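**Q** Sequence below, structure please.
(chains A and B)
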Amino acid sequence: MSFEDLLSMLRDMHPDIDFETAEGLIDKKVLTSFDVVSIVAELSETFDVELGAVDIVPENFNSARALFALIQRRENE
Amino acid sequence: MTFLSGRFLLLVGTLLIIYYILPKRLRYLALLAGSVAFYALAGKGYLPFLLFTILSVYATARLLGRSLDRQKEYVALHKKDLPREALAAYKKRQNGRRTALFLLCLLVNLGILGALKYTPFLLEAFRAPYAVSWVLPLGISFYTFQSLGYLMDVKRGKYPPEKNLLRYALFASFFPQMIQGPISRYDMLSQTLYEGADFDWDRLGAGLVRILWGAAKKLVLADRLTPALALLFAPGGAYRGGWVLLGMFLYALRLYADFTGGIDMALGIGELFGVTLPENFDRPYLSKNIEAYWTRWHMTMGSWFRDYVFYPLNVSKTFLRWTRALRARFGSGFLSRLPLYAATLVTWLLTGVWHGAGWNFALWGLTNGLVIIASLTLKPLYDRFHSRFPALKATRSYGAFEILRTFLLMCLIRLWDCYAGPAGVWQAFSSLFTTFNYGAVAAGLSALGLSLGDWVTVLLGAALLLFVSLKKGDAPFRRFLNTPGKLWGAAALLLILTLLLGAYGPGYTASDFIYGQF
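**A** Residues are numbered from 1 along each chain as shown, chains lettered A, B, ... in the order given. Okay, here's the model as predicted:
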């Protein structure tokens, strides 16, 4: 999957957030714990990307770029 | 022994002197000795339970760490000569062994907690022919959860295990957090716990102000309300309608003053030794919805359940498969979110029973879960409403309405804390809509045993708490105390206020904190 694919998925889920530029999505409480698990479920279903509980830390979900970097790390493992 | 006893003050005073006399590298040992002394003095027979948890979690974490290190070495060594599938199978095998070890330690420790906490209740609930009763080891729910959080983090490879048993023992038993938390994380607490901070008058003053601020909340406000609330919530239900509403508000104030006061004291004591404990509250009564409330009230417990129960459940293979199957069948509507809702209810049920053994605790947890689910389900409706009236959400009055709505909702859910059994809760709740006795309540306030002076103190205290909350909370208020004169002046003022206005004497139990019993 590409970064554009991820952006498109996130935009569909949260049209009100500009994921291209938004930072601190967890730290600033823009995304809730329910949003986070919904994103993980969507990634699993749409792109077959498997993330674990260990991956759910603020650093990985604070921005779309950080999330994409995590997905790439997991895909390369 | 708790924060508000002469023996505790003596222990902290002695420990402070020893701590700052010792060389820096040995100071953590003074904290460990102080923690052991505190726990031994707190109750006969408590120490073996704490010691077992420390030793079992320490040893298991070391074994898990060793297994992870071996795995890393093996993978690095064979990365080029073994196919990817073989390495994946090796990792899976190793992870399986680690999981078995982890579960063994988890179940034994939870088993001890469960047996001690729930056996008397279960025997009664299932009408066993005999009954048992005992006093729970102080802080067992807190130190067990803190220790198991550490174990899970080590298993996940978040950080390596602590090798020094004494350092680990201090993390698990650091005395200020033993009565009612906060529940610390090792990677955060270890940054200051072993540092052996230099002596600093300003920090000592800041710690003292935080302790006295907490003591004032507890003694002046929370304890003043205790006898009145005991009357209002007494079994038999003499106080209905408007009295229930008054009880809800007074209980919200008492719980806030009691719990945040205790946490202020714990954090302040930590600060005396240069140890930073995590904040546990972020102005929860100013939350605009229940989900936000639970990220701001008892934050260390909420994040514990989120990180170690809610997230793992939701992202487990079983739950993800379940979600996929439901989405394939029903699309993206309510039914496809059943796994999310199930995980929410499980998390909240566990949060409820963590607080204690009894149907009310379980039902309190489930009510929270159901209200959160309802608000999630109704979110599209809210969104549609706000898209029609886009300016409304930005207005201050709508913000105030959201805060008031959330506060009232949480007061209602807390009825589970206040009345015995579901029948008692239902009678109190339903009377809110059937018994309109507000005139009698206004005329009968003195019957609750509070004088006019008490009511004035309570109202001024509540207004002060609201003011501090609006000014960004308990910790940052010290930015106004930015000179030694202001700092020590505030400490002296708080001490005098607490001594003059604190509620003491028969009927008041200054040593008891509500969360201490969990």
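
**Q** wait, doesn't B:Ser375 sit right on B:Ile290?
**A** Yes. Contact criterion CB atoms under 8 Å: B:Ser375 and B:Ile290 qualify, at 6.1 Å. Bear in mind the C-beta positions are built from the backbone N, C-alpha and C, glycine included.

**Q** any idea how far B:Trp201 lies from B:Asp223?
**A** 31 Å (CB to CB, to the nearest Å).

**Q** Between those two, which has more neighbouring residues?
**A** Higher neighbour count among B:Trp201 and B:Asp223: B:Asp223, with 23 against 10, using other CB atoms under 10 Å in any protein chain shown.

**Q** which parts of the helix or strand where the more buried one lies are buried?
**A** Applying DSSP states H and E as the criterion places B:Asp223 in helix B:223-232. By 16 or more other CB atoms under 10 Å in any protein chain shown, the buried positions in helix B:223-232 come out as B:Asp223, B:Arg224, B:Leu225, B:Thr226, B:Pro227, B:Ala228, B:Leu229, B:Leu231, B:Leu232.

**Q** got the contact list for the last one?
**A** B:Leu232 makes contact with B:Tyr239, B:Trp243, B:Val244, B:Leu246, B:Gly247, B:Leu250, B:Leu448, according to CB atoms under 8 Å, 6 or more residues apart in numbering or on different chains.

**Q** What helix or strand is residue 37 located in?
**A** Because you didn't say which chain, this covers chain A. With DSSP H and E as the criterion, the answer for A:Val37 is helix A:33-47.

**Q** Switch to chain B, please.
**A** Secondary structure (DSSP H and E) places B:Ala37 in helix B:27-42.

**Q** wait, does the helix or strand following that helix make contact with chain A?
**A** Downstream of helix B:27-42, the next assigned helix or strand under DSSP H and E is helix B:47-78. No. Helix B:47-78 does not reach chain A (CB under 8 Å from any CB of the partner chain); its nearest approach is 10.1 Å.

**Q** Quick check: mean pLDDT of helix B:47-78?
**A** Helix B:47-78 comes out with an average pLDDT of 95.

**Q** So which residues of chain A form strands?
**A** Counting by DSSP state E, chain A has no strands at all.

**Q** ugh, typo on my part, it should be chain B
**A** Going by DSSP E, chain B shows no strands.

**Q** thinking again about what came up before, so which bits of the helix holding B:Ala37 are buried?
**A** Under the neighbour-count criterion of 16+ other CB under 10 Å, helix B:27-42 has B:Arg27, B:Tyr28, B:Leu29, B:Ala30, B:Leu31, B:Leu32, B:Gly34, B:Ser35, B:Val36, B:Phe38, B:Tyr39, B:Ala42 buried.

**Q** For these, please prepare JSON lines with the additional fields pLDDT and distance to chain A.
**A** Below are those laid out as JSON lines (pLDDT from 0 to 100; distance: CB to the nearest CB, whole Å):
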{"residue": "B:Arg27", "pLDDT": "96", "distance to chain A": "31"}
{"residue": "B:Tyr28", "pLDDT": "96", "distance to chain A": "27"}
{"residue": "B:Leu29", "pLDDT": "97", "distance to chain A": "32"}
{"residue": "B:Ala30", "pLDDT": "96", "distance to chain A": "34"}
{"residue": "B:Leu31", "pLDDT": "97", "distance to chain A": "29"}
{"residue": "B:Leu32", "pLDDT": "97", "distance to chain A": "30"}
{"residue": "B:Gly34", "pLDDT": "95", "distance to chain A": "33"}
{"residue": "B:Ser35", "pLDDT": "95", "distance to chain A": "29"}
{"residue": "B:Val36", "pLDDT": "94", "distance to chain A": "33"}
{"residue": "B:Phe38", "pLDDT": "92", "distance to chain A": "33"}
{"residue": "B:Tyr39", "pLDDT": "91", "distance to chain A": "32"}
{"residue": "B:Ala42", "pLDDT": "86", "distance to chain A": "34"}
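
**Q** Farthest pair within the residues you listed?
**A** Spatially, the most separated pair among the buried residues of helix B:27-42 is B:Arg27 and B:Ala42, at 22.5 Å (CB to CB).

**Q** got a list of what A:Ile39 touches?
**A** Contacts of A:Ile39 by CB under 8 Å, 6+ apart are A:Leu10, A:Met13, A:Leu31, A:Phe61, A:Leu67.

**Q** How many neighbouring residues does B:Phe467 have?
**A** For B:Phe467, using other CB under 10 Å, the count is 10.

**Q** Please name the residues that touch it.
**A** With contact set as CB under 8 Å, 6+ apart, B:Phe467 has no partners.

**Q** how close does it get to B:Phe480?
**A** Using CB to CB, B:Phe467 is found at 12 Å from B:Phe480.

**Q** Now B:Gly181: closest residue in space, sequence neighbours ignored.
**A** B:Phe142 (4.9 Å; CB to CB, 6 or more residues apart in numbering or on different chains).

**Q** The one you found: how many residues sit nearby?
**A** Residues lying near B:Phe142 (other CB under 10 Å) number 23.

**Q** swap in the one 5 residues further on?
**A** Other residues near B:Ser147 number 27, with proximity taken as other CB under 10 Å.

**Q** residues from the stretch 201-350 of chain B in reach of chain A?
**A** B:291-292, B:295, B:306-307, B:310-312, B:314-315, B:320, B:323-324, B:327, B:340, B:343.

**Q** quick one: which two of those are the most distant?
**A** B:Ala292 and B:Arg324 (29.8 Å).

**Q** longest helix anywhere in chain B?
**A** Secondary structure of chain B read by DSSP state H shows that its longest helix is helix B:84-125.

**Q** and the angle for it with helix B:47-78?
**A** Helix B:84-125 runs at 170 degrees relative to helix B:47-78, counting by axes from the mean of the first three to the mean of the last three CA atoms, to 10 degrees.

**Q** So for the most centrally placed residue in chain A, what's the pLDDT?
**A** Nearest to the mean C-alpha position of chain A, by CA atoms, centre = their mean, lies A:Leu67 at 4.5 Å. Looking at A:Leu67, its pLDDT reads 94.

**Q** what does A:Arg74 give?
**A** pLDDT, read off for A:Arg74, is 86.

**Q** so who does it touch?
**A** Neighbouring residues of A:Arg74 by CB under 8 Å, 6+ apart: A:Val49, A:Glu50, A:Leu51, A:Asp55.

**Q** now B:Gly237
**A** So B:Gly237 contacts B:Gly424, B:Gln427, B:Ala428 (CB under 8 Å, 6+ apart).

**Q** just checking, the last one touches B:Val244?
**A** Yes. Assessed by CB under 8 Å, B:Ala428 is found in contact with B:Val244 at 4.8 Å.

**Q** which residues are common contacts for the two?
**A** With CB under 8 Å, 6+ apart as the test, B:Ala428 and B:Val244 both reach B:Leu415.

**Q** how close does B:Tyr118 get to chain A?
**A** Shown here: B:Tyr118 relative to chain A, a distance of 26 Å by CB to the nearest CB, to the nearest Å.

**Q** Let me know how buried that residue is, in neighbour terms.
**A** A count of neighbours around B:Tyr118, defined by other CB under 10 Å, yields 15.

**Q** how much space is there between it and B:Val353?
**A** Taking CB to CB, one finds B:Tyr118 at 8 Å from B:Val353.

**Q** same thing with B:Asn280?
**A** Look at B:Asn280 and B:Val353: by CB to CB, they are 20 Å apart.

**Q** Show me which of the two is the more surrounded one.
**A** B:Asn280 (27 against 19).

**Q** Next, name the residue at the spatial heart of chain B.
**A** Chain B, centroid-nearest residue using CA atoms, centre = their mean: B:His298 at 3.9 Å.

**Q** so that one touches B:Pro278, yeah?
**A** No. Proximity of B:His298 to B:Pro278 does not meet the contact threshold set by CB under 8 Å, at 11.3 Å.

**Q** Model confidence score at the closest residue to A:Asn60 other than its chain neighbours, please.
**A** The shortest distance from A:Asn60 to any non-neighbouring residue, by CB to CB, 6+ apart, is to A:Leu70 (4.5 Å). pLDDT for A:Leu70: 93.
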